[in-house]
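A.B. asks: Output the structure for:
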Amino acid sequence: MLNRYINKIADLNNILDYHKEYLHQKQIIRDKADVIKNVQWSDSQLKEYNEYWSRNYGYIPAVEHCKYYESINGIYNYKYISRALYARVIEPELNPVWLCNTYSEKCLQELLLHGIQDVHVPKSYVSCAYRCYRVDDNYVSREQAGKTIANIGVCLIKPSWYTSSGRNVRVLDLVNGIDQKTGDSVDEILSSYGAHFIVQELITPSKELKQLSPNSVNTFRVVTYMLDGTVYCGPVGFRIGVGDSITDNESAGGYAAGVRNDGTLYSKAYNYERYDNYRQFEKHPDSGVLLNGYYVGDVERIKAIAKKAHSHFPGMGILAWDFTIDNNDQVTFIEVNERYCGIDLNQIGTGECLFGEQTEKILKRFYKVKQIRL
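C.D. replies: Numbers count the residues shown, from 1 in each chain. Below is the predicted model of the structure:
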């Protein structure tokens, strides 16, 4: 009986989390209302939108959710999956929250992916989950963990649990237990990252990615999802860093673009995190590289790896993967997201719907929850 009440409390917390995310997405639409209202649809476009959603979902979401994407990229697509629909209906139904809480630990992610051919998982020098320190396949003390990396040289440290937007990702240069860039000691650095972090090798991007954006590790965002026993991929997004930042997230000043199936970029990249202004470019502001047609890597190879890797996370219906390509032309794993998977960049960058040809099947799967107003 007690366990039942404990589970109900946990379920309530999860419901509140998703409801909070849903309200956050609704707030974004309200904050960008002045920009969205500039998107004008013809009568035939509005009819097309209404008929499609009524037929496939049994309910017509507010058009502002769809116009939000068009207000950024200028591309009309009545099938765009809104943030609200995704956060409130799709993700909670496809991914059990209790399982997401487990898989979100990045120290576990790298272990689950070892053994998959053709994907490179960056070497971890030290990993820490719940203050349990690990080197190679052995648990060690905090002191031993510090000694392991004291003279490791250039490396990267990042939080390993429920992180987003590249926050607190830091490049270190450790010599004699001191970071040569800041003067911080290993002990101070590890203390600042608390109970969940990874210290790993620093990735050197491929020649093509380095030429595009010299300072950041640019990543492919691949969304995989299960439908009737088959794993599918949505349109592929691509994050591009600018300036001196090592991260490429939009909230860190980076831009979102789309990648065609032949591995070339679409014509524009967008930053849509600012509520007061959208920004975009056709040429990278630092390198001057023209985006349209620029080759960034073998996308079909990345998609094949993502689909295979999906099976290493049993129980997950939808996953958002971040990969890059290193200087040895290896597809390199960055992380996988199970909750609050950002779906904007894939749709904004390409102008395509997240679920492509499977959209109707996905929507009809959730037809019975049409009473949720979006």
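A.B. asks: pLDDT score for G194?
C.D. replies: We have a pLDDT of 93 for G194.
A.B. asks: go on, S104?
C.D. replies: Model confidence at S104, given as pLDDT, is 89.
A.B. asks: Ok, the one 5 residues further on next?
C.D. replies: Residue-level confidence at Q109 comes out at 91, pLDDT.
A.B. asks: now the one 5 residues further on
C.D. replies: For H114, the model assigns a pLDDT of 79.
A.B. asks: how close does it get to H312?
C.D. replies: 9 Å (CB to CB, to the nearest Å). The way it works is simple: take the backbone N, C-alpha and C, and place the C-beta from them, glycine included.
A.B. asks: The two - which one has more neighbours?
C.D. replies: Using other CB atoms under 10 Å, the more surrounded residue of H114 and H312 is H312, with 17 against 10.
A.B. asks: Apart from its chain neighbours, what residue comes closest to the more buried one?
C.D. replies: L112 (4.8 Å; CB to CB, 6 or more residues apart in numbering).
A.B. asks: Please, where are all the strands along the stretch 251-374 of the chain?
C.D. replies: In the stretch 251-374 of the chain, the strands defined using DSSP state E, counting those that start in this stretch lie at 255-259, 269-271, 279-281, 318-325, 331-337.
A.B. asks: Okay, buried residues for the second one please.
C.D. replies: Within strand 269-271, the residues scored as buried using 16 or more other CB atoms under 10 Å are A269, Y270, N271.
A.B. asks: Adding pLDDT and distance to L290, write those out as JSON lines.
C.D. replies: Formatted as JSON lines, the buried residues of strand 269-271 follow (pLDDT from 0 to 100; distance: CB to CB, whole Å):
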{"residue": "A269", "pLDDT": "94", "distance to L290": "11"}
{"residue": "Y270", "pLDDT": "92", "distance to L290": "16"}
{"residue": "N271", "pLDDT": "88", "distance to L290": "18"}
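A.B. asks: what's the closest of these to E357?
C.D. replies: Y270 (24.5 Å; CB to CB).
A.B. asks: For the residue lying closest to the closest one once chain neighbours are set aside, give me its contacts.
C.D. replies: Distances taken as CB to CB, 6+ apart place Q280 nearest to Y270, at 4.8 Å, with adjacent residues excluded. Neighbouring residues of Q280 by CB atoms under 8 Å, 6 or more residues apart in numbering: Y255, K268, A269, Y270, N271.
A.B. asks: And the residue nearest to the last one when sequence neighbours are not counted, how far from R167?
C.D. replies: Yep, that's N271 we're talking about. With sequence-adjacent residues excluded and distances taken as CB to CB, 6+ apart, N271 is closest to R279, at 4.5 Å. The gap separating R279 from R167 is 20 Å, by CB to CB.
A.B. asks: More neighbours: these two, which one.
C.D. replies: Applying other CB under 10 Å to R279 and R167 shows that R279 carries more neighbours, namely 16 against 12.
A.B. asks: My read is that that one contacts P285, right?
C.D. replies: No - using CB atoms under 8 Å, R279 is not in contact with P285; the gap is 9.9 Å.
A.B. asks: Go ahead and name everything in contact with the helix or strand hosting E51.
C.D. replies: Using DSSP states H and E, E51 sits within helix 43-57. For helix 43-57, contacts defined as CB under 8 Å, 6+ apart pick out 41, 59-61, 63, 66, 76, 78-79, 359-360, 363-364, 366-367, 370.
A.B. asks: picking that back up, just flag the most distant two among the contacts of Q280.
C.D. replies: Distance extremes for the contacts of Q280: the farthest pair is K268 and N271 at 10.9 Å, using CB to CB.
A.B. asks: Y270 pairs with what?
C.D. replies: When assigned by DSSP bridges, Y270 has beta-bridge partners A256, Q280.
A.B. asks: Return the distance of it relative to R83.
C.D. replies: Using CB to CB, Y270 is found at 15 Å from R83.
A.B. asks: before we move on, what about K308?
C.D. replies: Taking CB to CB, one finds K308 at 28 Å from R83.
A.B. asks: So between those two, which is more surrounded?
C.D. replies: Between K308 and R83, counted using other CB under 10 Å, the more crowded position is R83 (23 against 16).
A.B. asks: can you map out the strands along the stretch 1-150 of the chain?
C.D. replies: 119-120, 124-129, 132-135, 138-140.
A.B. asks: Which strands or helices does the shortest one pack on?
C.D. replies: Same thing as strand 119-120. When contacts are defined as 3 or more CB pairs under 8 Å, 6 or more residues apart in numbering; DSSP states H and E, strand 119-120 sits against strand 331-337.
A.B. asks: Pull out the buried residues from the strand it packs on.
C.D. replies: By neighbour count on 16+ other CB under 10 Å, the buried set for strand 331-337 is V331, T332, F333, I334, E335, V336, N337.
A.B. asks: And for stretch 30-47?
C.D. replies: Those would be K32, V35, I36, V39, W41, for stretch 30-47 by 16+ other CB under 10 Å.
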